[in-house]
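Enquirer: predicted model follows, preceded by the sequence.
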Amino acid sequence: MKDIFLTDGSVVSVCDMPGQKILVNGRERRFDYDKTFGPLWLRKDGTERKCQNPGKAVWQAFENWQKEIQQ
């Protein structure tokens, strides 16, 4: 996670890789990725999904994506 320090002393934290997408069974799954905390699963409109524990197929696709970015 990267911190941005503003002149008034505020700190804003942003994820390492925003706006990521993977394809799972023909459906696009969106997420923001942080190297420390992992994925934050998002809805189509970019807001957080209520359920942050998707099914096995989504996690498998995410693991494949993660292997690709580490190379």
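Expert: That came through fine. Residues are numbered from 1 along each chain as shown.
Enquirer: which outside residues touch stretch 61-71?
Expert: 17, 20, 22, 23, 24, 29, 31, 39 (Cβ atoms under 8 Å, 6 or more residues apart in numbering). Using the backbone N, CA and C atoms, a C-beta is placed for each residue, glycine as well.
Enquirer: mean confidence score for it?
Expert: Across stretch 61-71, the average pLDDT comes to 93.
Enquirer: buried ones in that stretch?
Expert: For stretch 61-71, burial by neighbour count (16 or more other Cβ atoms under 10 Å) applies to 61, 62, 65.
Enquirer: report the contact partners of the residue nearest to the spatial centre of the chain.
Expert: Geometric centre of the chain, nearest residue: residue 32, 2.3 Å, by Cα atoms, centre = their mean. With contact set as Cβ under 8 Å, 6+ apart, residue 32 has these partners: 15, 17, 18, 19, 20, 39, 40, 42.
Enquirer: the fourth one sits in which helix or strand?
Expert: Per DSSP states H and E, residue 19 falls inside strand 17-24.
Enquirer: re the thing from before, who wins on neighbours among the contacts of residue 32?
Expert: Highest neighbour count within the contacts of residue 32: residue 39, with 22 neighbours (other Cβ atoms under 10 Å).
Enquirer: wait, is that one part of a helix?
Expert: No: using DSSP: H, G, I helix; E, B strand; the rest coil, the secondary structure at residue 39 is strand, not a helix.
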